[in-house]
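[1] After the sequence you'll find the predicted model.
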Amino acid sequence: MKRSAAYGAAALGLALAGALMTAPPASASSDNYIRFTNDSGYFIDTCYTWKGPDGIESKNYCHHAKPVGTGWEAYFPAEATGATVTVNFTGSHSVPIYIDDANTNHCFKFTGVWPNGHFLRVQC
């Protein structure tokens, strides 16, 4: 009887450990955001492609023509695991920003004038 109980406990422990090891990655809280400040000489477009489970692409969207001196935020969908933000410096060029951690806030500042607009990661 003791041996079968020990085997049962061991099997249960292995099953639980296996479930923990195959758990999906944590997703974001919908309170986490990506914040931008435009201190560049451009109008800025930011388009968000969320990473996560199937169907999350329906939550992709863009902010268009944000003028100099403004700031804005995009909140991670609750199920997001990351994002690719395509930044368009209107009339010039585009650059991607890759974010692989949706469990924290991310802040960026746009600077520069034509043709050298760029972004900096800044403290939130």
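    Great, that's in hand.

[2] tell me, how many neighbours does S40 end up with?
    One way to gauge burial is a neighbour count; for S40, by other Cβ atoms under 10 Å, it gives 20. The C-beta positions use only the backbone N, C-alpha and C, and glycine is treated the same way.

[3] Would you confirm that it contacts F108?
    No: contact criterion Cβ atoms under 8 Å: S40 and F108 do not qualify, at 11.1 Å.

[4] Need phi/psi at the spatially most central residue of the chain.
    The C-alpha lying nearest the average C-alpha coordinate of the chain belongs to G82 (Cα atoms, centre = their mean; 3.2 Å). Here is the backbone geometry of G82 (degrees, to the nearest 10): phi 170, psi -170.

[5] now it: how far from S92?
    Remark: distance between G82 and S92 (Cβ to Cβ, to the nearest Å) = 26 Å.

[6] repeat for Y33
    The span separating Y33 from S92 equals 26 Å under the rule Cβ to Cβ.
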